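S.K.: Need coordinates for the following:
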Amino acid sequence: MIFLQSYSVGVSHLTSSCPCWAYTKILGRDEADTFCAKHAQNSPTSLFRCLHHYNVSEIFALNVAIYIYDNAEVLDFSGPFEVFSTASRLSSPENFFNVFLVAEEKYPVNARAGYSVNPHYDFNDHPEIDLLIVVGGIHTEELEKPSVISWVAAVEKNAQLVASVCTGAFILAEAGLLSGLNVTTHWEDINDLQNAYPDLTVVRSQRWVDEGRFITSGGISAGIDMSLYLVSKLASLELAENTAKQMEFEWRKSS
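M.R.: Just a heads-up that it's a prediction; the model follows:
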């Protein structure tokens, strides 16, 4: 959540293509309009610089929730978690992102190969979510859980952005969030995704696909590339590059 000083700007510049748009629900439309007008006048390269330039009085971290479940692919969630936690350490001011794991219930989750993970929250006690990331793995059982699909759909209504890694796209599609969009998933599952949800356009040979509020990535390591891209989108390219450097990761900036 972000609080801004007041500005007297009469012209609205706010559109869905502007990075300020993602914060409409946080700021409120009127404040987002004035914020965006300042952004348009000075054309800073990112929202993050906007926050510094316009003397933000107080900043609270953006909440990044990663949904995990039994047999989730380990790097699908640990990769994005590392990206956002590292970016938060390196941001100035610090703690720009608050990243956490959410499961259906607050019990240890057995990810792929028996990798046991303790979620921070369950469906009933997590904080407000600004960015939801749904990961892949052996996802078929998740599609058959009304509680999971309804939770994803409910979170989407208030989230600023929703993303998927690998076969997490199936869960978003089942929740009705990707209809009519260009999407991607793990190369091995592209045909299955297209056949199961024919109203999608499933893209091959791209690390991630950005459709505004919805971003989908290919499998496993592609989720790290996408997460760095999201850092650049929500904060700044400089922070994303510094995060990749700190992780000693060769970021593929082009989707």
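
S.K.: what about Glu73, how many neighbours?
M.R.: 26 (other Cβ atoms under 10 Å). In short, each C-beta sits where N, CA and C put it, glycine included.

S.K.: can you check Asn71 too?
M.R.: Neighbour tally, Asn71, other Cβ under 10 Å: 19.

S.K.: The one 4 residues further on too?
M.R.: Leu75: 22 surrounding residues under other Cβ under 10 Å.

S.K.: just the one 3 residues further on next, same as before
M.R.: A total of 20 residues lie near Ser78 under the criterion other Cβ under 10 Å.

S.K.: So which bits of whatever helix or strand it lives in are buried?
M.R.: Per DSSP states H and E, Ser78 falls inside helix 74-90. Across helix 74-90, burial judged by 16 or more other Cβ atoms under 10 Å covers 74-88, 90.

S.K.: Closest one to Cys166 out of these, please.
M.R.: Closest to Cys166 out of the buried residues of helix 74-90 is Asp76 (5.2 Å), distances taken as Cβ to Cβ.

S.K.: Give the closest residue to Glu211 in space, chain neighbours not counted.
M.R.: Leu181 (4.6 Å; Cβ to Cβ, 6 or more residues apart in numbering).

S.K.: Show me what the helix holding Ser78 is packed against.
M.R.: Counting by 3 or more Cβ pairs under 8 Å, 6 or more residues apart in numbering; DSSP states H and E, the packing neighbours recorded for helix 74-90 are strand 62-67, strand 97-102, helix 222-234, helix 237-246.

S.K.: would you put the C-alpha positions of it in PDB?
M.R.: Taking C-alpha atoms only, helix 74-90 is exported to PDB below (Å, rounded to 0.1, in the frame of the first residue of the first chain):
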ATOM      1  CA  VAL A  74      10.300 -26.900  -6.800                       C
ATOM      2  CA  LEU A  75      11.900 -24.300  -8.900                       C
ATOM      3  CA  ASP A  76       8.500 -23.000 -10.000                       C
ATOM      4  CA  PHE A  77       8.000 -21.400  -6.600                       C
ATOM      5  CA  SER A  78      11.600 -21.200  -5.200                       C
ATOM      6  CA  GLY A  79      12.800 -19.400  -8.200                       C
ATOM      7  CA  PRO A  80      10.300 -16.500  -8.000                       C
ATOM      8  CA  PHE A  81      10.600 -16.500  -4.200                       C
ATOM      9  CA  GLU A  82      14.300 -15.900  -4.600                       C
ATOM     10  CA  VAL A  83      13.800 -13.200  -7.200                       C
ATOM     11  CA  PHE A  84      11.400 -11.100  -5.100                       C
ATOM     12  CA  SER A  85      13.100 -11.700  -1.800                       C
ATOM     13  CA  THR A  86      16.400 -10.700  -3.300                       C
ATOM     14  CA  ALA A  87      14.900  -7.700  -5.100                       C
ATOM     15  CA  SER A  88      13.400  -6.600  -1.800                       C
ATOM     16  CA  ARG A  89      16.800  -6.700   0.000                       C
ATOM     17  CA  LEU A  90      18.400  -4.600  -2.800                       C
END
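
S.K.: average model confidence for that helix?
M.R.: Here helix 74-90 scores 97 as its mean pLDDT.

S.K.: next one: stretch 150-169
M.R.: On average, stretch 150-169 scores 97.

S.K.: so where's the protein uncertain?
M.R.: Residue ranges of the chain with pLDDT under 70: 1-60, 255.

S.K.: residue closest to the middle of it?
M.R.: Leu131 (4.2 Å; Cα atoms, centre = their mean).

S.K.: Can you read off the backbone torsions of the spatially closest residue to Asp70 that is not a sequence neighbour?
M.R.: Among residues not flanking Asp70 along the chain, Asn110 sits closest, at 5.2 Å (Cβ to Cβ, 6+ apart). Backbone torsions of Asn110, given as degrees, to the nearest 10, read phi -100, psi 100.

S.K.: That'll do, ta.
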